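Engineer: following is a predicted model, sequence given first.
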Number of protein chains: 2
Amino acid sequence: MSLSLLEQLIEALRVLPGVGQKTAQRMAYQLLEREREGGRRLAAILDVALEQIGHCTQCRDFTESERCAICANSSRDQQLLCAVESPADRLAIEQATGYRGLYFILQGRLSPLDGIGPRELGLDALSARLAEGEVTELIIATNPTVEGEATAHYLAQLARQQGVHASRLTHGVPLGGELEYVDRGTLSHAFGTRSEMPL
Amino acid sequence: MSLSLLEQLIEALRVLPGVGQKTAQRMAYQLLEREREGGRRLAAILDVALEQIGHCTQCRDFTESERCAICANSSRDQQLLCAVESPADRLAIEQATGYRGLYFILQGRLSPLDGIGPRELGLDALSARLAEGEVTELIIATNPTVEGEATAHYLAQLARQQGVHASRLTHGVPLGGELEYVDRGTLSHAFGTRSEMPL
């Protein structure tokens, strides 16, 4: 027997992270009962967004333009570059700190076992950008996990090869956590007291 | 400044129940990073489902056909009718019990303050159906809340007027629970209606 439209909708909703069978059911019923208009809007924007949102050619963040709003903003400090693992991390820093420099989104972390090396993180582009000489400090804000730390060391070496100062967020960020979920006060403090990357 | 597509997507996702700003962000990033295909499928089915899913003309459940699969199934017992508040309740009963009769979905409960009266629950249609004489028992499975109980009493009267037997789910201590954590009302009721222990 083929699935009914309702069953197909419930199944499709499970693509969302953290949404299982029961939650998907609740969502489907809620949309059908009370939120048809909002649901239609969601369908439309989802379609357009997935079609049109690509990566910023400069920082690899998600954007529908060639360059994201931050990279395109000439009033940001062009000498500071902050490397983060994901757009969510960038957003967390942007919301918690007064940082006015630019970002570089790795879209991952070095993880040889998963086949994620320097190429997948766009480190050739990063290296070329540091070689241009405008950036004076690379603020390394990868997650305080084992892979994040390894990535940080790699990035620090890369920066020094180009004569760029490399700094790292102060420990104070709890080990084993994800930046996205750190409270703002802690994140802001760690960002403000970033220190020289040890060799 | 107008919202970026990403911000619009995050905003649109918040229409889903239980999804706040942070969860919507996570969903948007997840879709963009890893689930573009699934996201497109969701957008497409969401659009079609909201357009085409209406109510079964017989039981008021959600369906894209004129009659839902259960009402259209002639092997179900046409003499038993179970009244529930929502499609989710119907699904719970369908999954948990061996019930083989039909349903009537109220799509709500009597709530005069919110302007929900017998008309909004389709009770004229229910009354007409009971009057046809095929149904012999109306199983009232509204929720055990104040409004659900009021609705149950109203439905019981309706059934009696048409000479149809009305029954109600038993109240009592849930199976597998601990007495210590059962609410007082339930415990008091279960204690008062205790029955002879079978040998």
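Structural biologist: In hand now; what should we look at? Numbers count the residues shown, from 1 in each chain, chains lettered A, B, ... in the order given.
Engineer: contacts and neighbour counts: CA atoms only from here.
Structural biologist: Noted.
Engineer: for the residue of chain A found nearest chain B, which non-adjacent residue is closest in space?
Structural biologist: Per CA to the nearest CA, A:A43 is where chain A lies closest to chain B, at 4.3 Å. Of all residues not flanking A:A43 in the chain, B:A43 sits nearest, at 4.3 Å (CA to CA, 6 or more residues apart in numbering or on different chains).
Engineer: ok, that neighbour - contacts?
Structural biologist: A:42-44, A:46-47 (CA atoms under 8 Å, 6 or more residues apart in numbering or on different chains).
Engineer: can you say which helix or strand has it in it?
Structural biologist: In the assignment (DSSP states H and E), B:A43 maps to helix B:36-52.
Engineer: circling back: roughly how far apart are the residue nearest to A:A43 and A:R14?
Structural biologist: Distance, B:A43 to A:R14, using CA to CA, to the nearest Å: 13 Å.
Engineer: who does the one helix or strand A:Q78 maps to touch, helix- and strand-wise?
Structural biologist: Under the criterion of DSSP H and E, A:Q78 resides in strand A:77-84. Contacts defined by 3 or more CA pairs under 8 Å, 6 or more residues apart in numbering or on different chains; DSSP states H and E place strand A:77-84 against strand A:101-105, strand A:137-140.
Engineer: so what does A:K22 have for phi and psi?
Structural biologist: Note on A:K22: its backbone torsions stand at phi -70, psi -40 [degrees, to the nearest 10].
Engineer: now do the helices in chain A.
Structural biologist: For chain A, helices defined by DSSP state H occupy the ranges A:5-13, A:21-34, A:36-52, A:87-96, A:123-131, A:146-161, A:184-192.
Engineer: surely A:S195 meets A:L169?
Structural biologist: Yes - with contact defined as CA atoms under 8 Å, A:S195 reaches A:L169; the gap is 6.7 Å.
Engineer: who has more neighbours out of the two?
Structural biologist: A:L169 (23 against 15; other CA atoms under 10 Å in any protein chain shown).
Engineer: mind listing what the more buried one touches?
Structural biologist: A:139-141, A:190-195.
Engineer: how does chain A divide into domains?
Structural biologist: Following automatic domain parsing, chain A resolves into domains at A:5-52, A:75-196.
Engineer: as TSV, the helices and strands packed on strand A:77-84 with mean neighbour count would be great.
Structural biologist: Converted to TSV, the helices and strands packed on strand A:77-84 look like this (neighbours: other CA atoms under 10 Å in any protein chain shown):
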stretch	mean neighbour count
strand A:101-105	24
strand A:137-140	25
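Engineer: would you list those strands in JSON lines and tack on mean pLDDT?
Structural biologist: Output for those, formatted as JSON lines (pLDDT from 0 to 100):
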{"stretch": "strand A:101-105", "mean pLDDT": "95"}
{"stretch": "strand A:137-140", "mean pLDDT": "94"}
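Engineer: picking that back up, quick check: the residue of chain A closest to chain B vs A:A24, distance?
Structural biologist: 15 Å.
Engineer: state the distance from the residue of chain A closest to chain B to A:A49.
Structural biologist: 10 Å.
Engineer: try A:T151
Structural biologist: Taking CA to CA, one finds A:T151 at 30 Å from A:A49.
Engineer: point out the residues in chain A that sit beside chain B.
Structural biologist: A:4-6, A:8-9, A:12-13, A:15-17, A:25-27, A:29-32, A:35-36, A:38-47, A:49-50, A:53, A:62-64, A:87-88 (CA under 8 Å from any CA of the partner chain).
Engineer: first vs last residue of stretch A:100-120, how far apart are they?
Structural biologist: Stretch A:100-120: ends 27 Å apart by CA to CA.
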